[in-house]
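Participant: Structure of the sequence below:
(chains A and B)
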Amino acid sequence: MSDNPLRDAIAEAIKDNKVILFMKGTPEQPMCGFSARAAGALQETGVAFAAVDILPDPRIRQELSAISNWPTTPQLFIDGELVGGSDIVLEMFESGELHEALGLDRPAAAPEAPAVPQATPAQPAPLGIENNLS
Amino acid sequence: MPTPEELKQRIEAAIPGAVAEVESPDNVHFSAVVRATAFDGVSRIQQHRMVYDAFEPGELGGAVHALQLKTEVP
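Facilitator: Residues are numbered from 1 along each chain as shown, chains lettered A, B, ... in the order given. Down below sits the predicted model:
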């Protein structure tokens, strides 16, 4: 543990969750169009993913960017690696690469990017980190 | 507030040989298409980081509220 518990908690969450999206708002209630599109693409793949709302505390975003060397949100991590922000996630979704990165079969037809994220019922339980962070 | 023309010049200065098209309806939200041979063989995430290097720390998400970015190898 370092003397930066918030950074440690974020790094831990990235390590502990195979697929984790840091976003503004939640997948059900995104607070920014870029976050909405990234969450929507992930939901469209059907994969279970963890989501962390960065809005409750500006330090979350600071520490996240310090870890990832990526200035903006959303940020998607798969297997502990930064995949990218919404533009990259959407490009990968449309090309089928996102499915591949998630360990899914590529869709037979090129998927249409969801204009509006759909509400999905079964999200994983909220992260412990959310409670630590807010 | 930066203008699209300013950002275009900064991106092209940051990445040798790059050609950038930058648009903005309000000088706060931007979209850019950047083509550069320097992107060849570079991962998409590194390509985006090369473009982000044209910005001051804190500028993205600050004065430049949003930058929708597409990078391409010409």
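
Participant: all strands of chain A, in order?
Facilitator: In chain A, the strands defined using DSSP state E lie at A:19-23, A:50-53, A:75-78, A:81-84.

Participant: same check, this time on chain B
Facilitator: Per DSSP E, chain B carries strands over the ranges B:19-23, B:29-35, B:66-72.

Participant: returning to that earlier point: for chain B, find the nearest of the strands of chain A.
Facilitator: The closest of these to chain B is strand A:81-84. By CB to the nearest CB, the value is 5.1 Å. In this view, the C-beta of every residue, glycine as well, is placed from N, C-alpha and C.

Participant: Packing partners of the closest one?
Facilitator: Under the contact criterion of 3 or more CB pairs under 8 Å, 6 or more residues apart in numbering or on different chains; DSSP states H and E, strand A:81-84 touches strand A:75-78, helix A:86-95, helix B:44-52.

Participant: Please indicate which of these has the most neighbours on average?
Facilitator: strand A:75-78 (a mean of 24; mean count of other CB atoms under 10 Å in any protein chain shown).

Participant: Quick check, the residue in chain B closest to chain A?
Facilitator: B:Leu60 (4.2 Å).

Participant: so that residue bridges to which residues?
Facilitator: For B:Leu60, the beta-bridge partners are B:Val64 (DSSP bridges).

Participant: show me the residues around it that make contact.
Facilitator: Contacts for B:Leu60 (CB atoms under 8 Å, 6 or more residues apart in numbering or on different chains) come out as A:71-72, B:52, B:67.

Participant: what's the answer for A:Gly84, then?
Facilitator: By CB under 8 Å, 6+ apart, the neighbours of A:Gly84 are A:70, A:75-76, A:92, B:44-45, B:48.

Participant: Tell me which two of the residues you listed sit farthest apart.
Facilitator: The distance between the two most remote of the contacts of A:Gly84 (CB to CB) is 15.3 Å, for A:Trp70 and A:Met92.
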